[in-house]
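Colleague: Fold the following.
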Amino acid sequence: MPDTAVVTGAARGIGRAIATRLTREGWQVVVADLDAAELQSVADETGALAVPGDTSTDAGVRHLVDTAYDHLGHVDVFFANAGIGTLKGLDASDDEWGRTLETNVLAHVRAARHLVPRWLDAGGGRLVVTASAAGLLTMLGDAPYSVSKHAAVSFAEWLSATYRHRGIVVQAICPQGVQTRMLDGSGPLKDLLTLDATLTVDEVADAAWQALATDAFYVLPHPEVSGYYEQRAARPDAWLAGMNRLQQKLDHQTHLSTTPTSTPTQENA
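Modeller: Numbering: from 1, shown residues only. Got it, this is the predicted structure:
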């Protein structure tokens, strides 16, 4: 079993839970996040090394990887967990699209650039991408998030297909609703995201931990996602029609939540 790891987006949520689980199992861990203060609290609680910084940039990823190798000697597993959403559709700006793609996709590409050559020299390594069920299905109400998570899965698939015979294991964690700050701030989408069971971050971390004992590409903390994915592939028009019905419900809920309540007058009382 590997015993060293880097976890990005580790100041809170799934990343924090994964880092906590790994250190509890005796692993040496390096954690990264933009939130330096909260990241340090994770480090204080777990004994991990905190490396604050922006892991969506090449300079940030290079610094993180170099620091991790200096501290750990080697990196067995890299959890590319950091991710952001916009809760926007066509109204998302170019800057919002760019920031989302940088964080949710290109951060993984940059990590692979710096890690894969070292792993090939060492005889193996493992990249675990937190991609979301949105990367297999879609995310109503958030076009940049949905597109970027699909791209994250696609890049992970390419990486696995290209390097698995050379000892590189790639896995994609694809949960649905998880009790995180992102879910709490999702507004009307929250009901949609919690149609199935809402998992705790510890439950997702447990699924990630168990997946380390396998080479399975998909890690599905919500097993029903497999059925949705199969339906999407087998009957795409029926699946899209079903998603559109959910969108119509979302439109209705959004309309109700934004429609001001009439004050009774003599005429309409």
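Colleague: The longest helix seen in the chain - what's its average pLDDT?
Modeller: Looking across the chain with DSSP state H, the single longest helix is helix 236-258. The average pLDDT within helix 236-258 is 81.
Colleague: how about that helix: buried residues?
Modeller: 239, 243, 250 (16 or more other CB atoms under 10 Å). Quick note: C-beta positions are derived from backbone N, CA and C, even for glycine.
Colleague: just checking, what packs against it?
Modeller: helix 189-193, helix 224-234 (3 or more CB pairs under 8 Å, 6 or more residues apart in numbering; DSSP states H and E).
Colleague: Extract the CA atoms of it and return them as CSV.
Modeller: Listed next in CSV are the C-alpha coordinates belonging to helix 236-258 (Å, rounded to 0.1, in the frame of the first residue of the first chain):
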residue,chain,number,x,y,z
PRO,A,236,-29.5,9.8,-24.8
ASP,A,237,-32.7,11.5,-26.0
ALA,A,238,-34.8,10.0,-23.2
TRP,A,239,-32.2,11.0,-20.7
LEU,A,240,-32.0,14.6,-22.0
ALA,A,241,-35.8,14.8,-21.9
GLY,A,242,-35.7,13.7,-18.3
MET,A,243,-33.1,16.2,-17.5
ASN,A,244,-35.1,18.9,-19.2
ARG,A,245,-38.1,18.0,-17.0
LEU,A,246,-35.9,18.5,-14.0
GLN,A,247,-34.8,21.9,-15.4
GLN,A,248,-38.5,22.9,-15.8
LYS,A,249,-39.0,22.1,-12.1
LEU,A,250,-35.9,24.2,-11.3
ASP,A,251,-37.2,27.1,-13.4
HIS,A,252,-40.5,26.9,-11.5
GLN,A,253,-38.8,26.9,-8.1
THR,A,254,-36.6,29.8,-9.2
HIS,A,255,-39.6,31.8,-10.4
LEU,A,256,-41.4,31.2,-7.1
SER,A,257,-38.4,32.2,-5.0
THR,A,258,-37.9,35.4,-7.0
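Colleague: Measure how it sits relative to helix 224-234, angle-wise.
Modeller: Per axes from the mean of the first three to the mean of the last three CA atoms, to 10 degrees, the angle that helix 236-258 makes with helix 224-234 is 120 degrees.
Colleague: All further residue positions should be reported with the first residue as 28.
Modeller: Renumbered: residue one is now 28, and that last one reads helix 263-285.
Colleague: next one: helix 263-285 to chain centre, how far?
Modeller: From the chain centre to the centre of helix 263-285 is a distance of 24 Å (CA atoms, centre = their mean, to the nearest Å).
Colleague: For residue 200, give me the backbone phi and psi.
Modeller: Backbone torsions for residue 200, taken as degrees, to the nearest 10, come to phi -90, psi 120.
Colleague: And it, how far from residue 179?
Modeller: 10 Å (CB to CB, to the nearest Å).
Colleague: which of these two has more neighbours?
Modeller: Higher neighbour count among residue 200 and residue 179: residue 179, with 28 against 25, using other CB atoms under 10 Å.
Colleague: and the closest residue in space to that one that isn't next to it in sequence, what is it in contact with?
Modeller: Once flanking residues are discounted, residue 179 sits nearest to residue 158: 4.6 Å by CB to CB, 6 or more residues apart in numbering. When contacts are counted by CB atoms under 8 Å, 6 or more residues apart in numbering, residue 158 touches 176, 179, 180, 183, 199, 200, 201.
Colleague: Just the ones of these in strands?
Modeller: 199, 200 (DSSP state E).
Colleague: all helices of the protein, in order?
Modeller: 40-51, 63-73, 85-99, 121-128, 134-149, 170-190, 208-211, 216-220, 228-238, 251-261, 263-285.
Colleague: Cheers, nothing more for now.
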